[in-house]
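**Q** Curious how this folds, go ahead:
(2 chains)
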Amino acid sequence: MTQRLFLPVIAVAMLLFAGAPVLIAWAPYESTMGLVQKIFYFHVPSWVMMFLSAFVCGVGSAIYLFKGRAAADRVAVAAAELAVVFGLIGLVTGPLWARKAWGVWWQWDARLTMALVLWMIFVAYLLLREYGGPGSEKLAAGVALFGMANVPFVYWSVNVWRTIHPTTNVVPTLVPGMRGALWWSLVAFLLLFTAAMMARVRLEGQRAALDQVYRDLDD
Amino acid sequence: MHMRRLMLILTLAIVATCVVASGGDVQAAASSAAQPAQQDEFVPIDELPPGDRLPAAPLLVAAYAFAWLAVFGYLWSIWRRLAKVEQELADVARRAAER
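**A** Numbers count the residues shown, from 1 in each chain, chains lettered A, B, ... in the order given. Prediction:
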């Protein structure tokens, strides 16, 4: 089922990705930032997918911790890797925008610092899985719960603390030309997330099957 | 092996971010402390030093190029890892059947 769905999902995602630059080029220029504001159409969806990945990883880890289901752990480790990839896109595209809009690559304000910490939590999760040795799955699952809990703080930080990052109120007030381009990119990123999750969970499933075959051979 | 390489790249990315960030903070502090000077001449943008011109297009292209590279690089890495594991699984299953 998942294997049959993978090809259509990745094909539509690639089509949307290919079409995104056209819609983004048509979108109106923002009055103060001009051309560089168009980074927004990939920057925001990458963070939305990072938050979604963090949420999936947290839920998968909670199920693994409290119910002991190995399948949930496989979903969690796949989502953690996606959180790191999408977070990295957000952390690179943000400073490229900031350099022109704010005159600096980075500012240690609440939003940017918390976003970096959130990303580092999921890097820590993967490092723990890789080098933690036996039993590290459960420790990593605990780390993922903290990562998931951090997401709402990162999201609302721009509205609660003083920061130079635009607030979350920007998105609902977008004009139709800007909104269309953002939604197009969001759907492209969401389909990409879905396709990557399918493939990555399959990889974990195959690894588990390989371990089982080796265990059977040893017996 | 592949995972280790990924971890090395991520570690380098964190270090690079911190280095760039600390430089940016100092620059921000300096610029906020200084009052903008009163303008007594207009300077064409192409006469500015290259560092002060900062056109938006290269930043925009860099952002989109990085996003595309990261996405396709990651999908390629999954495909490679999956192919390797499936190959190993097939080999081990064949050996088990032969025993």
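**Q** pLDDT weak spots in chain A?
**A** A:1 (pLDDT under 70).
**Q** residue ranges for the helices of it, please.
**A** Ranges of helices in chain A, per DSSP state H, are A:2-26, A:40-67, A:70-101, A:110-131, A:136-160, A:176-218.
**Q** Need these in JSON lines (columns: distance to chain B).
**A** No exception for glycine: its C-beta is placed from N, CA and C like everyone else's. Listed next are these as JSON lines, based on distance: least, CB to the nearest CB, whole Å:
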{"stretch": "helix A:2-26", "distance to chain B": "7"}
{"stretch": "helix A:40-67", "distance to chain B": "5"}
{"stretch": "helix A:70-101", "distance to chain B": "4"}
{"stretch": "helix A:110-131", "distance to chain B": "5"}
{"stretch": "helix A:136-160", "distance to chain B": "13"}
{"stretch": "helix A:176-218", "distance to chain B": "5"}
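**Q** closest to B:Ile9 out of the ones you listed?
**A** B:Ile9 lies closest to helix A:70-101 among the helices of chain A, at 9.4 Å (CB to CB).
**Q** Quick one: work out the angle between that closest one and helix A:176-218.
**A** Calculated by axes from the mean of the first three to the mean of the last three CA atoms, to 10 degrees, helix A:70-101 forms an angle of 140 degrees with helix A:176-218.
**Q** Pick out the residue closest to the middle of chain A.
**A** Centrality entry for chain A: nearest residue to the mean C-alpha point is A:Met50, 1.8 Å, by CA atoms, centre = their mean.
**Q** Make sure that one is actually in contact with A:Trp119.
**A** Yes: the pair A:Met50 / A:Trp119 is scored as a contact, 7.4 Å apart, by CB atoms under 8 Å.
**Q** overlap in contacts of those two?
**A** Here A:Met50 and A:Trp119 have A:83, A:87, A:90 as joint contacts, going by CB atoms under 8 Å, 6 or more residues apart in numbering or on different chains.
**Q** Who wins on neighbours among those residues?
**A** Neighbour tally across those (other CB atoms under 10 Å in any protein chain shown): the maximum, 31 neighbours, falls on A:Ala83.
**Q** So the residue nearest to A:Gln37 when sequence neighbours are not counted versus A:Phe189, what's the distance?
**A** Spatial nearest neighbour of A:Gln37, chain neighbours left out: A:Glu30 (3.9 Å); criterion: CB to CB, 6 or more residues apart in numbering or on different chains. As for A:Glu30, its distance to A:Phe189 is 21 Å (criterion: CB to CB, to the nearest Å).
**Q** Those two: which is more packed in?
**A** Using other CB under 10 Å as the criterion, A:Glu30 and A:Phe189 rank with A:Phe189 on top: 27 against 17.
**Q** angle of the longest helix seen in chain B against helix A:176-218?
**A** For chain B, the helix with the greatest residue count under DSSP H is helix B:56-98. Counting by the same axes, to 10 degrees, helix B:56-98 lies at 20 degrees to helix A:176-218.
**Q** Helix B:56-98 packs against which elements?
**A** Applying 3 or more CB pairs under 8 Å, 6 or more residues apart in numbering or on different chains; DSSP states H and E, we find helix B:56-98 packed against helix A:2-26, helix A:40-67, helix A:70-101, helix A:176-218, helix B:2-33.
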